[in-house]
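Asker: Quick one: sequence and predicted model below, then my questions.
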Amino acid sequence: MLCPNCRRLISIDEPACPYCGLAKPGSRLKMRFFTFFSAGAIDVVKAIIVINAFFYIFSILLSPTAMSLSPNPLTFLSPSDRSLFLLGATGTIPIAYGRWWTLLSASFLHGGILHIFFNMAALSQLGPFVLREFGFSRFVIIYLCTGVAGFFLSYLAGIPFTIGASASICGLIGAILYYGKSRGGFYGEVIYRQAMGWVVGLVLFGVLVPGINNWAHGGGIISGILLAFLMGYQEKKSENQLHRVLAAGCIVVTLFFLLWVSLQAMYYFFSAVAS
């Protein structure tokens, strides 16, 4: 059989993999766990896009009469602040109510049709590259943790109310920056310059367009570089059991809080309708 961790050929009755040391590699539970968290097991980029689209539609349906129909393209089809608050928008205002978990949930909310369109377009371009070069587990860790780090920095900076996947997307950009600079050579330099182009575009966009959370963008990029440095990428270091366990923890915690905010929002919605 192939070791579910290092993918080298071993005997099925080995008490431990002689290459990576994984105990009882022939265990069915371990084989399923490692197969699920291998690159390509599920299309994680598409899954994230679907979740973001679901929460955008959900946020509009919670308060359809409060939805913005302004001709301004930046605010067209914007959900109400009440809906966004219920579904986990973050910032100094929500956190003042003890809603610290919104640092995670806010990455799956958007304030308008253009907001979600551009963020998901960026994710569909950057996500597959990071997934390929870092692997499934490290991609999950980078995407989810850099969103939290970016929003935490913006909270420290005093941003009152904020949402969007851009902090996590900036985390992917940070990981790509590290990858390009670390790998070096012609290919690495090309990747690094392209990532720097994204950074320059983000800076210009943040300066020219009001209401952009530049603190979250900066926090996402910095934490993305740091996580990429700490975990490495496929060419230098294969994914290990720790990466998979951390990724599993990130997924479980994220799904728990997304389910929690969904149920909470539905409770308040039906309570308001009943009253």
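Answerer: Nice, I can see it. Residues are numbered from 1 along each chain as shown.

Asker: CA only for contacts and neighbour counts going forward, please
Answerer: Will do.

Asker: where does Ser63 sit relative to Ser78, distance-wise?
Answerer: Distance, Ser63 to Ser78, by C-alpha to C-alpha, to the nearest Å: 10 Å.

Asker: and these two? which has more neighbours close in?
Answerer: Ser78 (24 against 16; other C-alpha atoms under 10 Å).

Asker: my guess is the more buried one contacts Leu114, does it?
Answerer: No. Taking contacts as C-alpha atoms under 8 Å, Ser78 lies outside contact range of Leu114: 9.4 Å.

Asker: Lys236: what's it in contact with?
Answerer: Lys236 makes contact with no residue, according to C-alpha atoms under 8 Å, 6 or more residues apart in numbering.

Asker: Ramachandran coordinates for it?
Answerer: Dihedral angles of Lys236 (phi, psi; degrees, to the nearest 10) stand at phi -100, psi -30.

Asker: Now do the same for Met266: helix, strand or coil?
Answerer: Classification of Met266 by DSSP: H, G, I helix; E, B strand; the rest coil places it in helix.

Asker: For it, give me its contacts.
Answerer: Contacts of Met266 (C-alpha under 8 Å, 6+ apart): Leu62.

Asker: Quick check: it vs Phe58, distance?
Answerer: Separation of Met266 from Phe58 (C-alpha to C-alpha) stands at 10 Å.

Asker: Can you name the element that comes right after the helix or strand hosting Tyr187?
Answerer: Using DSSP states H and E, Tyr187 falls within helix 185-208. Counting by DSSP H and E, the next helix or strand C-terminal to helix 185-208 is helix 214-231.

Asker: Could you list every helix and strand in contact with that next one?
Answerer: helix 136-156, helix 166-183, helix 185-208 (3 or more C-alpha pairs under 8 Å, 6 or more residues apart in numbering; DSSP states H and E).

Asker: now it, how far from the centre of its chain.
Answerer: 12 Å (C-alpha atoms, centre = their mean, to the nearest Å).

Asker: buried stuff in that helix?
Answerer: Using 16 or more other C-alpha atoms under 10 Å as the test for burial, helix 214-231 gives 214-228, 231.

Asker: possible to save the helices and strands packed on helix 214-231 as TSV with distance to Val45, mean neighbour count and mean pLDDT?
Answerer: Shown next, in TSV, are the helices and strands packed on helix 214-231 (distance: least, C-alpha to C-alpha, whole Å; neighbours: other C-alpha atoms under 10 Å; pLDDT from 0 to 100):
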stretch	distance to Val45	mean neighbour count	mean pLDDT
helix 136-156	10	25	97
helix 166-183	11	26	96
helix 185-208	19	15	91
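
Asker: Just tell me which of those helices ends up closest to Ala47.
Answerer: helix 136-156 (11.4 Å; C-alpha to C-alpha).

Asker: Kindly export that closest one (C-alpha atoms) in PDB.
Answerer: Coordinates of each C-alpha in helix 136-156 appear next as PDB, following Å, rounded to 0.1, in the frame of the first residue of the first chain:
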ATOM      1  CA  PHE A 136      -4.900  21.200   0.600                       C
ATOM      2  CA  SER A 137      -4.200  21.500   4.400                       C
ATOM      3  CA  ARG A 138      -1.900  24.400   4.200                       C
ATOM      4  CA  PHE A 139      -4.200  26.200   1.800                       C
ATOM      5  CA  VAL A 140      -7.100  25.900   4.300                       C
ATOM      6  CA  ILE A 141      -4.900  27.100   7.200                       C
ATOM      7  CA  ILE A 142      -3.600  30.100   5.200                       C
ATOM      8  CA  TYR A 143      -7.100  31.100   3.900                       C
ATOM      9  CA  LEU A 144      -8.900  30.900   7.200                       C
ATOM     10  CA  CYS A 145      -6.300  32.100   9.600                       C
ATOM     11  CA  THR A 146      -5.200  35.100   7.600                       C
ATOM     12  CA  GLY A 147      -8.800  36.300   7.500                       C
ATOM     13  CA  VAL A 148      -8.900  36.200  11.300                       C
ATOM     14  CA  ALA A 149      -5.500  37.900  11.500                       C
ATOM     15  CA  GLY A 150      -6.500  40.700   9.100                       C
ATOM     16  CA  PHE A 151      -9.800  41.400  10.900                       C
ATOM     17  CA  PHE A 152      -8.100  41.300  14.200                       C
ATOM     18  CA  LEU A 153      -5.600  44.000  13.100                       C
ATOM     19  CA  SER A 154      -8.400  46.100  11.800                       C
ATOM     20  CA  TYR A 155     -10.200  45.700  15.100                       C
ATOM     21  CA  LEU A 156      -7.100  46.900  16.900                       C
END
